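Asker: no sequence for this one, just the structure:
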């Protein structure tokens, strides 16, 4: 299965935080994904781009905070994260590029 251009629209970037590193110990990876992406699309994109088998996909939407910028009230964007659990024996090294 070769990667389609839409797969790069679904998966924006890997998230490398302390919590994301803990999930990698349990055979998981965390990605920032498009807000409109659903779980089957995320699964298909990860399998096509990285050549791995996906066991499960969990998603969460973090609402953007209201912040002041130069006295003006603004909002940060909403972010959707996908916690992807991989099958045994599959790994993705997010510290290297695609």
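Answerer: Yep, it's here. Note that the structure is predicted; figures quoted are calculated from it, not measured.
Asker: Help me confirm that residue 48 comes into contact with residue 7.
Answerer: Yes: in this structure, residue 48 is within contact of residue 7 by CB atoms under 8 Å, at 5.2 Å. (C-beta placed from N, C-alpha, C; glycine too.)
Asker: In three-state terms, label the residue sitting nearest the centre point of the chain for me.
Answerer: Nearest to the mean C-alpha position of the chain, by CA atoms, centre = their mean, lies residue 31 at 1.5 Å. Classification of residue 31 using DSSP: H, G, I helix; E, B strand; the rest coil returns strand.
Asker: give me every residue that touches the residue nearest to residue 56 when sequence neighbours are not counted.
Answerer: Once flanking residues are discounted, residue 56 sits nearest to residue 85: 4.4 Å by CB to CB, 6 or more residues apart in numbering. Residue 85 sits next to 26-28, 54-58 when contact means CB atoms under 8 Å, 6 or more residues apart in numbering.
Asker: sorry, back to before: so what's the residue nearest to the centre of the chain up against?
Answerer: Residue 31 neighbours (CB under 8 Å, 6+ apart): 11-15, 42, 46, 81-82, 84.
Asker: what's the answer for residue 46, then?
Answerer: Residue 46 neighbours (CB under 8 Å, 6+ apart): 11, 29, 31, 52, 54, 57, 84, 92.
Asker: Please produce CSV containing the contacts of residue 85, extended by pLDDT.
Answerer: Shown next, in CSV, are the contacts of residue 85 (pLDDT from 0 to 100):
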residue, pLDDT
26, 88
27, 90
28, 92
54, 92
55, 93
56, 94
57, 95
58, 96
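Asker: Just the buried subset of these, please.
Answerer: 27-28, 54, 57 (16 or more other CB atoms under 10 Å).
Asker: So residue 75 versus residue 66, what's the distance?
Answerer: 6 Å (CB to CB, to the nearest Å).
Asker: Ok, residue 52 next?
Answerer: 38 Å.
Asker: Give the residue from these two that has the larger number of neighbours.
Answerer: Ranked by neighbour count (other CB atoms under 10 Å), residue 52 and residue 66 place residue 52 first, with 17 against 9.
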